[in-house]
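Q: Dropping a prediction and its sequence here:
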Amino acid sequence: MRKLPWIALLAIGASAVLAQPKLSDHAKKDIERHRAMAVAHEEAARCLESGRPEAECVKALQQRCKGLAIGKYCGMKHEH
C-alpha cells in the first residue's frame with residue numbers, strides 16, 4: 001500500500017469540508033430541535049438512573065420538551 005504525502009491528505013480533508021451541503025433555515029432549526037430533544041431525553045435517562053420515580057422523570061421530560069415535539073413523550077415513545 002502506497003502512503004499519501006501529507007499535502008494530499010490535507011487536500012482530501014479540505015475537499016470533505018467544502019463538500020458539505022448548504023442547509024436551509026428550516027433544516028438548521030430542525031437540527032436544533034433534534035439536539036434539544038436529545039438533551040431532554042438524556043436528562044430523563046439520568047433522572048431514571050438516579051432512582052427517582054418514573055412519573056417525576058416523565059413530567060420533567062414533558063416540561064423540557066414543551067414546544068419541541070409532538071406528543072407527551074417528546075417525539076419518542078417506546079414499550080415498557
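A: Yes, it's here.

Q: Residue 68 and residue 59: what is the separation?
A: 15 Å (C-beta to C-beta, to the nearest Å). All C-beta spots, glycine's among them, are computed from the backbone N, C-alpha and C.

Q: neighbours around residue 44, how many?
A: Neighbour count for residue 44, taken as other C-beta atoms under 10 Å: 22.

Q: Tell me if I'm right that it and residue 57 touch.
A: Yes: taking C-beta atoms under 8 Å as the definition, residue 44 is a contact partner of residue 57 at 5.2 Å.

Q: I'd like to know how far the residue sitting nearest the centre point of the chain sits from residue 42.
A: Nearest residue to the geometric centre of the chain (C-alpha atoms, centre = their mean): residue 35, 3.4 Å. Separation of residue 35 from residue 42 (C-beta to C-beta): 11 Å.

Q: Repeat that for residue 28.
A: Taking C-beta to C-beta, one finds residue 28 at 21 Å from residue 42.

Q: swap in residue 69?
A: Applying C-beta to C-beta, the value for residue 69 to residue 42 is 15 Å.

Q: quick one: which of the two has more around it?
A: For residue 69 versus residue 42, the count of surrounding residues by other C-beta under 10 Å is larger for residue 69: 18 against 10.

Q: and that one, how far is that from residue 55?
A: Per C-beta to C-beta, residue 69 is found 19 Å from residue 55.

Q: Measure how far the lengthiest helix in the chain is from the centre of its chain, please.
A: The longest helix of the chain (DSSP state H) is helix 25-49. Centroid displacement of helix 25-49 relative to its chain, using C-alpha atoms, centre = their mean, to the nearest Å, is 5 Å.
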